[in-house]
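*Asks:* Just the structure for this:
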Amino acid sequence: MSSGQHNAGHTHGQTQAKTEQWVESAKGTAHQAHDKACDAAGKTEGQTQLSKEENAGFLQQTGEQVVHMAQGAIDGVKNTLGMGEKK
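*Replies:* Here you go, the predicted model:
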């Protein structure tokens, strides 16, 4: 494996790990904000759980979009360096 390929693989792994950290951090922040808002609004436990599930779905979708954008950037760099997959 060439140094360039090794670096690209290493960068890809770092990018994925960082993206996952951001998604988890965003989920935690959203849950905290949601809990505070629900407490202030006086929602019932059932309504709170339903809202959390809706937020989790939104955050999952957003996280997937971030992952796809990061993968696109990695693929672009690989193609620029001539290391992309031939299609």
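*Asks:* average model confidence for the longest helix belonging to the chain?
*Replies:* Longest helix of the chain, by residue count under DSSP state H: helix 3-41. For helix 3-41, mean pLDDT is 77.
*Asks:* Run the chain-centre distance for the helix or strand following it.
*Replies:* As assigned by DSSP states H and E, the chain's next helix or strand after helix 3-41 is helix 45-80. Distance, stretch centre to chain centre, for helix 45-80: 5 Å (C-alpha atoms, centre = their mean, to the nearest Å).
*Asks:* and the angle from helix 45-80 to helix 3-41?
*Replies:* 160 degrees (axes from the mean of the first three to the mean of the last three C-alpha atoms, to 10 degrees).
*Asks:* Buried residues, helix 45-80. List them.
*Replies:* Of all the residues in helix 45-80, those buried under the rule 16 or more other C-beta atoms under 10 Å are Thr48, Ser51, Leu59, Gly63, Val67, Ala70, Ile74, Val77, Lys78. C-beta: built from backbone N, CA, C; applies to glycine.
*Asks:* cool, and stretch 27-44?
*Replies:* Lys27, Ala30, His34, Cys38.
*Asks:* of the buried residues of helix 45-80, closest to Gln21?
*Replies:* Lowest distance from Gln21 to these (C-beta to C-beta) belongs to Gly63, with 10.8 Å.
*Asks:* May I ask you to confirm that the closest one is in contact with Val23?
*Replies:* Yes: Gly63 sits in contact with Val23 when judged by C-beta atoms under 8 Å, with a separation of 3.7 Å.
*Asks:* any idea how far the most centrally placed residue in the chain lies from Asp75?
*Replies:* Geometric centre of the chain, nearest residue: Gly63, 3.1 Å, by C-alpha atoms, centre = their mean. To Asp75, Gly63 is 19 Å away according to C-beta to C-beta, to the nearest Å.
*Asks:* and what of Val66?
*Replies:* Val66 is 15 Å from Asp75, where distance means C-beta to C-beta.
*Asks:* How about Gly57?
*Replies:* Counting by C-beta to C-beta - Gly57 and Asp75 are separated by 27 Å.
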